[in-house]
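>>> I would like to see how this sequence folds:
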Amino acid sequence: MDNRISALAGHYPVGKSGILTSGETAGVRLQEVHGLTLFQVAAWANSIDAVGAQLASKVGCDTAPGPCKAHSVGAVAVLRIEPLKWWLYGVDAPEFDAEQGAILDISHSRTQVRVSGVEAATLLNRHLPLDLREHSFPVGSVASTMIHHVGVTLWRSDDGYELFIPRGFALSLWEGLVESATQFGVEII
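Predicted structure coming up:
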């Protein structure tokens, strides 16, 4: 496997900046998640149940998630991004017959940015046309959306909001997030 170079490498300093609270606490934490393993799995209409069952088994959960949902077990997950498509996160994809579906390794095409902290939803709501309140977008929710006309996928994991950004747009969107986050105090991890 090729040694992957981050789209953000050398473009951001680690540390805190912006308006911090009296305890020097940042309201937003931004982190690039390195070593992304991400497979897109598409099923055909007549094989969706069989493919979903294989993916659930690969992750270690009982069932595949429904549309716009994710199931995770530890550091691996399966995300339902479209009616006939899933993303398999953190684990290699199983083998399928061509009659069941198709698999595409998209690990190198995306940059994963984790947004967390008490002001994470407020920050993201300044960029995304989504209702990120707890009752509307709880942990395990997935959405295909846009930031500044760039298609992104957002997953709310146990660790925060996971943004999957096309590699070619990662730096410009990162810079926008960092700039916007300074009003809440930002910690870059």
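>>> now the strands for this structure?
Here the chain has its strands, by DSSP state E, at 15-17, 28-33, 38-43, 70-73, 76-82, 85-89, 101-105, 110-116, 142-147, 150-157, 160-166, 186-188.
>>> Is residue 153 bridged to anything, and to what?
residue 144, residue 164 (DSSP bridges).
>>> Which residues are in contact with it?
For residue 153, the contact set (CB atoms under 8 Å, 6 or more residues apart in numbering) comprises 79, 81, 87, 142, 143, 144, 145, 163, 164. (C-beta placed from N, C-alpha, C; glycine too.)
>>> Let me have the strands of the chain in a markdown table, adding mean pLDDT and distance to residue 130 as columns.
Output for the strands of the chain, formatted as a markdown table (pLDDT from 0 to 100; distance: least, CB to CB, whole Å):
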| stretch | mean pLDDT | distance to residue 130 |
| --- | --- | --- |
| strand 15-17 | 91 | 26 |
| strand 28-33 | 96 | 17 |
| strand 38-43 | 96 | 21 |
| strand 70-73 | 96 | 15 |
| strand 76-82 | 97 | 15 |
| strand 85-89 | 97 | 18 |
| strand 101-105 | 95 | 26 |
| strand 110-116 | 98 | 13 |
| strand 142-147 | 96 | 6 |
| strand 150-157 | 98 | 7 |
| strand 160-166 | 98 | 10 |
| strand 186-188 | 96 | 21 |
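>>> Quick one: closest of those strands to residue 131.
Closest of the strands of the chain to residue 131 is strand 142-147, at 10.0 Å (criterion: CB to CB).
>>> Also compute the angle for the closest one relative to strand 160-166, please.
Angle between the axes of strand 142-147 and strand 160-166 is 60 degrees (criterion: axes from the mean of the first three to the mean of the last three CA atoms, to 10 degrees).
>>> ok now strand 142-147, how far from the chain's centre?
In terms of CA atoms, centre = their mean, to the nearest Å, the centre of strand 142-147 is found 10 Å from the chain centre.
>>> what packs against that strand?
strand 76-82, strand 150-157 (3 or more CB pairs under 8 Å, 6 or more residues apart in numbering; DSSP states H and E).
>>> Not counting sequence-adjacent ones, nearest residue to residue 174?
Computed as CB to CB, 6 or more residues apart in numbering, the closest residue to residue 174 that is not its neighbour in sequence is residue 8, at 5.6 Å.
>>> tally of neighbours for the one you found?
Residue 8: 19 surrounding residues under other CB atoms under 10 Å.
>>> do you know how far it is from residue 86?
Using CB to CB, to the nearest Å, one gets 26 Å for the distance from residue 8 to residue 86.
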